[in-house]
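Peer 1: Let me see the structure of the following:
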Amino acid sequence: MLSEAEDLWDWRQKVANLYHDVRFHPHPPAAWRHWCETRAGLCRDHPQSPIEPADRAAFDAPAMFPYDPAWRLEVRLAPAAPERLTLGTGADGNTSMRAFARTEGLRERLHGELTLYWIEGYGGGVFLPFADGTNGTETYGGGRYLLDTIKGADLGAARPGGRLLLDFNFSYFPSCAYSSRYVCPLAPPANRLPGAVRAGERLKGGL
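Peer 2: Numbering: from 1, shown residues only. Have a look, this model is predicted:
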């Protein structure tokens, strides 16, 4: 168990360091390439990879849509309607989270907005899962994550004036997309967008 805990600690540290590099990189496309390459290496080689051990030798890298600066969007944040969700996460029990902000500025392009959730419990963290029109055909059917700060996936806090940068090029599959060992919280109804987000991680063979 000590070795497993050490491996997980190392994984979390590497992910946190990766997102630190992304946040402070002056050139977004280069930051994205660094993110893709580092994630690929972690998925192939790290003991805590969500890829099943028997599949890692043949695994090259997560498939990605080409980087598109048009999916680097700045939105306004408004208070969210009161909502508290409890989601089952398998052997880990239940995860409780509450809505704390709602985007303003995505509707024209995606025909909907997104709710940001605060995961409750010790420490807490921001969680932004979403589903969209590509799910099940071009991307994982259960949706994708953009922010999960408890796990280190942190693209940066809200800016002055209540604005937030959402770069969908950095959206990624939850671990349950790769292995049945994981039970992941997925996008609630409030975060299911009718529009198609062709940015971030995609299914292999989708392009």
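Peer 1: got the buried residues for the top strand by length along the chain?
Peer 2: Identified as the longest strand of the chain according to DSSP state E is strand 94-104. Within strand 94-104, the residues scored as buried using 16 or more other CB atoms under 10 Å are 95, 97, 99, 101-103. Just so you know, the C-beta spots here come from the backbone N, C-alpha and C atoms, and that holds for glycine as well.
Peer 1: pLDDT and distance to Leu18 added to those residues, as JSON lines?
Peer 2: Listed next are the buried residues of strand 94-104 as JSON lines, based on pLDDT from 0 to 100; distance: CB to CB, whole Å:
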{"residue": "Thr95", "pLDDT": "82", "distance to Leu18": "23"}
{"residue": "Met97", "pLDDT": "93", "distance to Leu18": "24"}
{"residue": "Ala99", "pLDDT": "97", "distance to Leu18": "28"}
{"residue": "Ala101", "pLDDT": "97", "distance to Leu18": "25"}
{"residue": "Arg102", "pLDDT": "97", "distance to Leu18": "28"}
{"residue": "Thr103", "pLDDT": "97", "distance to Leu18": "25"}
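Peer 1: Just the closest of the residues you listed to Glu37, please.
Peer 2: When those are compared for distance to Glu37 (CB to CB), Thr103 comes out closest, at 29.3 Å.
Peer 1: if I look at Arg76, how far off is Asp132?
Peer 2: Distance, Arg76 to Asp132, by CB to CB, to the nearest Å: 20 Å.
Peer 1: quick one, strands of the protein?
Peer 2: Going by DSSP E, the chain shows strands at 72-79, 84-88, 94-104, 115-119, 125-130, 144-148, 163-167.
Peer 1: so which of the ones you listed gets nearest Asn17?
Peer 2: The minimum distance between Asn17 and these falls on strand 144-148, with 15.7 Å, by CB to CB.
Peer 1: any idea of the angle that closest one forms with strand 125-130?
Peer 2: 160 degrees (axes from the mean of the first three to the mean of the last three CA atoms, to 10 degrees).
Peer 1: now strand 144-148: how far from the chain's centre is it?
Peer 2: 2 Å (CA atoms, centre = their mean, to the nearest Å).
Peer 1: on that earlier part again, return the list of strands paired to the longest strand of the chain, each annotated with direction.
Peer 2: Note on strand 94-104: by DSSP bridges, its sheet partners are strand 72-79 (antiparallel), strand 84-88 (antiparallel), strand 115-119 (antiparallel).
Peer 1: a markdown table please, covering the strands of the chain and showing distance to Lys14.
Peer 2: Output for those, formatted as a markdown table (distance: least, CB to CB, whole Å):
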| stretch | distance to Lys14 |
| --- | --- |
| strand 72-79 | 24 |
| strand 84-88 | 26 |
| strand 94-104 | 23 |
| strand 115-119 | 21 |
| strand 125-130 | 18 |
| strand 144-148 | 15 |
| strand 163-167 | 20 |
